[in-house]
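S.K.: have a look at this prediction, sequence included:
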Amino acid sequence: MDIAYLVTPLITWITVGPIKFLINSAKARKWAFNLVGNGGFPSNHSAVVSSMATLIALREGISSPAFGVAVTLCFIVVIDANSLRQHVGKQAAAINRLAKDDGGHTWLRERMGHTLVEIGGGLCTGIAIAHAIHAIFGRG
């Protein structure tokens, strides 16, 4: 097995997480530990799937069936990150508003999904990381 296929999503996840944390911290003007995993720029999920799709395209070509599967997975993740998770966040906000006077209510996170800019940043970051890994590891 070509090690690049194993390390690409791992390196992407490890790289994007701190970038997102630092950007969220700069925007909040404090350490943003409470925003970890709840959206933000760039999207980790979009970066991971786009890095793998890009690596497959670089290694096996865009006519490869594996590339088709990777792109399909990428679309599913992007749609989920943008629409489904944002709807979950809206539901959480509505529940929080309805239950604000209930002393026993545990506050639900309202920031769940990603904006198109955050997803685009994740896609671009994933593509760039895949190109870097492809350059480092060669053709496999």
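M.R.: Happy to help now that I have it.
S.K.: hmm, who's touching the least confident helix or strand in the chain by mean pLDDT?
M.R.: Ranked by mean pLDDT, DSSP states H and E, the helix or strand of the chain with the weakest confidence is helix 85-98, at a mean of 82. By C-beta atoms under 8 Å, 6 or more residues apart in numbering, the list of residues contacting helix 85-98 from outside reads Gly39, His105, Trp107, Leu108, Arg109, Glu110, Arg111, Met112, Gly113, His114. Any C-beta I mention is one placed from the backbone N, CA and C, and that applies to glycine too.
S.K.: quick one, which of those are buried?
M.R.: Gly39, Glu110, Arg111, Met112, Gly113, His114 (16 or more other C-beta atoms under 10 Å).
S.K.: surely Ser50 and Ile119 touch.
M.R.: No. Contact criterion C-beta atoms under 8 Å: Ser50 and Ile119 do not qualify, at 9.5 Å.
S.K.: higher neighbour count, these two?
M.R.: Ranked by neighbour count (other C-beta atoms under 10 Å), Ser50 and Ile119 place Ser50 first, with 27 against 24.
S.K.: can you report how many residues neighbour Gln86?
M.R.: With other C-beta under 10 Å as criterion, Gln86 counts 17.
S.K.: distance of it relative to Glu60?
M.R.: Gln86 sits 34 Å away from Glu60, going by C-beta to C-beta, to the nearest Å.
S.K.: helices or strands next to the lengthiest helix in the chain in the packing?
M.R.: The longest helix of the chain (DSSP state H) is helix 3-28. Under the contact criterion of 3 or more C-beta pairs under 8 Å, 6 or more residues apart in numbering; DSSP states H and E, helix 3-28 touches helix 44-60, helix 116-137.
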